[in-house]
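Enquirer: When you get a sec, could you give me coordinates for this:
(chains A and B)
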Amino acid sequence: MLDLRYVVAHADEIAHNVAHRHVAADVPGLVAAAEARSTALVRLEEVRRVANVVARQTGKPTLDAMALHAAVPEFLRSDLGMADPAEVRPTDRPWLVQVGKALKAMEPALAAEVDRLQAAIESRARQLPNLTHPDVPRGASDEDHRVLREVGVRRDFATEGFAPLDHVQLAEKLGLIDFEAGAKVAGQKFYFLQRELVLLDLALQRFAIDLLVQRGFTPMVTPDLARPDILEGIGFNPRGSETQVYSVAGHDLCLVGTAEITIGGMLADTILEAEQLPIRIAGISHCFRTEAGAAGRESRGLYRVHQFTKVEMFVFCQGDLAQSEAHHAELVAIEEELFTALEVPYRVLDICAGDLGAPAYRKFDLEAWMPGRGAWGEITSTSNCTDFQARRLQIRARPEPGAKPKLVHTLNGTAIALSRGLIAVLENHQQADGSIAMPKALRPYLPFDRIGPRHT
RNA sequence: GGAGAGGUGGCCGAGAGGCUGAAGGCGGCGGUUUGCUAAACCGUUAUAGAGGGUAAACCUUUAUCAGGGGUUCGAAUCCCCUCCUCUCCGCCA
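Expert: Predicted coordinates for the structure are as follows:
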């Protein structure tokens, strides 16, 4: 969520940003509603103020006729029978009660008007995405992302003398994934990991966690469910037909799509001290996604599934762009270090404005080369959300001891997703004999250095 | 799932229709005293919003005692609903 006062004061800039991001939002309507609300609110507060004065006077008179008359603004006097000071009876209890009743009767309509305008403001404000980093490329399609660099060497399978298989074929041959059983118990896009792949999955988690702990992250295993207001604070929409989020029937809970939700939520409504920051967390969770509207798209194998495990990085830092951008650069660097160590060729993308998602100020994706598809595929994503999430969640920090709290900046990034990360490792390390060599970096975590080959 | 006890300011803890945004204490901040520390004493110390003020200061004001609704001229206090926390029992990994 953006700062409403900023939006009203910079309506043109916001309108440009909305267009840049290819988002539909009614900025003029928002500004008009904000101004109308301000007027209505002043009126409502005046009525309440007078009601308080009259109630106090009824209980224990302290004002004379002139003072009581003076306490009532012009626009209310005739309605209250106080047009002239002579009509004011400051010690006449029944009279005061009548005045109090008259004031009370006015309140609901005024309050309803304020509420109506407030709702109009909020529904429009919710459509607004975060501001955008000036270097973010324009556009809204996959071709509009900027390729920042390409790292690692893609294997030349022709020279090696065999045609690479995709991970589904590899897993089939080696008995590593059972998609049919997954479909039987839970439906399409669920699966059982089996045999060595389970150990590889755990090894990748440990590998990522160990590296992150070295970098000063606190490891955590986080809840897989969260309340809807936490989801909304992070920028997810738990309701509606297009939602990516599963809700639990009979409970006010949702299955999380990422540990970003719970880690961000854990500090909701908190004021942090300067020395507590930055807080850097490495969270392990399961991730659940409905993939509504994604039917048929890149749906083979593990690429797009309803459930996977993920090691997520999350950072809370002071609400200062220089600091959050430095953390953002570090998150990308860590992602690159992980996949370099896993000997997976990748490229880094600066995601274009139209594809950022509402909370992100800037987003970098890593795409791994996936020989089985003969294409790049997204494996990680890291976003600087500046104060967009912190504002709704009310996460603040004092810039220095005793100073007024300021909204923090939040950042998130994938260390490794145990679905696409598995694809990248399996496909890039397949051998001519049908086995899969394990990257050296994982050897300390595995009781074998290759999976297969299997001869049946 | 069953039973009970609770939710008041940064924390503890009073308050049981009207000068209560809330006693008292702790903690924090400022000051006096002091060779330094400590102690003592004095003062001060919620958040969000609105209006005014060029602005910082400041002034006025609204709301907030878990949340929502109700009674009343007036609610932290009375009534209803919801949520949350804790304890015990059951079940379970």
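
Enquirer: Residues of the stretch 1-150 of chain A that sit close to RNA strand B?
Expert: Counting by Cβ under 7 Å from any atom of the strand, the stretch 1-150 of chain A comes close to RNA strand B at A:5, A:38, A:41-42, A:45, A:48-49, A:51-56, A:58-60, A:62, A:96-97, A:100-101, A:103-104. From N, CA and C alone the C-beta is placed, and that goes for glycine too.

Enquirer: Around RNA strand B, pick out the residues from the stretch 151-300 of chain A.
Expert: For the stretch 151-300 of chain A, the residues in contact with RNA strand B (Cβ under 7 Å from any atom of the strand) are residue A:252.

Enquirer: Find the closest residue to RNA strand B in the stretch 151-300 of chain A.
Expert: Residue nearest to RNA strand B within the stretch 151-300 of chain A (Cβ to the nearest atom of the strand): residue A:252, separated by 6.7 Å.

Enquirer: Just give the number of residues close to that residue.
Expert: By the measure other Cβ atoms under 10 Å, the count of residues near residue A:252 is 10.

Enquirer: Please apply the same query to residue A:353.
Expert: 23.

Enquirer: Next: residue A:66.
Expert: Residue A:66 is flanked by 11 other residues according to other Cβ under 10 Å.

Enquirer: Report the contact partners of it.
Expert: By Cβ atoms under 8 Å, 6 or more residues apart in numbering, the contact set of residue A:66 is residue A:85.

Enquirer: Please, which helix or strand holds it?
Expert: helix A:65-71 (DSSP states H and E).

Enquirer: quick one: contacts of the following helix or strand past that helix?
Expert: Counting by DSSP H and E, the next helix or strand C-terminal to helix A:65-71 is helix A:74-77. Contacts with helix A:74-77, where a contact means Cβ under 8 Å, 6+ apart, come from A:46, A:47, A:50, A:69, A:82, A:83, A:103.

Enquirer: tell me the residue furthest from the middle of chain A?
Expert: The C-alpha centroid of chain A is most remote from residue A:86, which lies 61.3 Å away (Cα atoms, centre = their mean).

Enquirer: gap between residue A:321 and residue A:361?
Expert: In this view, residue A:321 and residue A:361 are 9 Å apart by Cβ to Cβ, to the nearest Å.

Enquirer: picking that back up, which members of the contacts of helix A:74-77 occur in helices, if any?
Expert: Counted as lying in helices by DSSP state H, out of the contacts of helix A:74-77, are A:46, A:47, A:50, A:69, A:103.

Enquirer: Need the contact partners of stretch A:109-128.
Expert: For stretch A:109-128, contacts defined as Cβ under 8 Å, 6+ apart pick out A:1-2, A:4, A:7, A:14, A:18, A:23-27, A:29-30, A:33-34, A:36-37, A:40-41, A:43-44, A:47, A:358.

Enquirer: Just the buried ones among these, please.
Expert: A:1-2, A:4, A:7, A:14, A:18, A:23, A:25-27, A:30, A:33-34, A:36-37, A:40-41, A:43-44, A:47, A:358 (16 or more other Cβ atoms under 10 Å).

Enquirer: In helices, which of the residues you listed fall?
Expert: Judged by DSSP H, helices contain the following of these: A:4, A:7, A:14, A:18, A:27, A:30, A:33-34, A:36-37, A:40-41, A:43-44, A:47.
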